[in-house]
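Colleague: missing the sequence, but the structure's below:
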């Protein structure tokens, strides 16, 4: 419970990720469902490339912050 009271940066970051991830399904569930349907049709390599790109962008943002 102390981590929550102290405003742990890790918990704050996780909370922000969850808020951002929840925006599209909240605002446009039809669009979100269509995006998930399309992603499910990607090959494994394509999904891994998207994951790698996300990690690279995330790391770059952390480094310039």
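Modeller: On my side now, so go ahead. Just so it is clear, the structure is predicted and the values come from calculations on it, not from any experiment.
Colleague: pLDDT below threshold where in the chain?
Modeller: Scanning the chain for pLDDT under 70 picks out the ranges 1-6.
Colleague: tell me how far the longest helix seen in the chain lies from the chain's centre.
Modeller: Among the segments of the chain that qualify as a helix by DSSP state H, the longest is helix 44-64. How far helix 44-64 lies from its chain's middle: 10 Å, per CA atoms, centre = their mean, to the nearest Å.
Colleague: same check on stretch 11-22?
Modeller: 8 Å.
Colleague: what's the angle from the strand or helix carrying residue 30 to helix 44-64?
Modeller: Counting by DSSP states H and E, the element that carries residue 30 is helix 29-40. Helix 29-40 runs at 110 degrees relative to helix 44-64, counting by axes from the mean of the first three to the mean of the last three CA atoms, to 10 degrees.
Colleague: let's number from 551 now, not from 1
Modeller: All right, first residue 551 from here; so that's helix 579-590.
Colleague: what is helix 579-590 packed up against?
Modeller: If contacts are counted by 3 or more CB pairs under 8 Å, 6 or more residues apart in numbering; DSSP states H and E, helix 579-590 sits against helix 559-577. C-beta: built from backbone N, CA, C; applies to glycine.
Colleague: which ones are touching residue 597?
Modeller: residue 589 (CB atoms under 8 Å, 6 or more residues apart in numbering).
Colleague: could you check how far it is from residue 590?
Modeller: As judged by CB to CB, to the nearest Å, residue 597 and residue 590 stand 9 Å apart.
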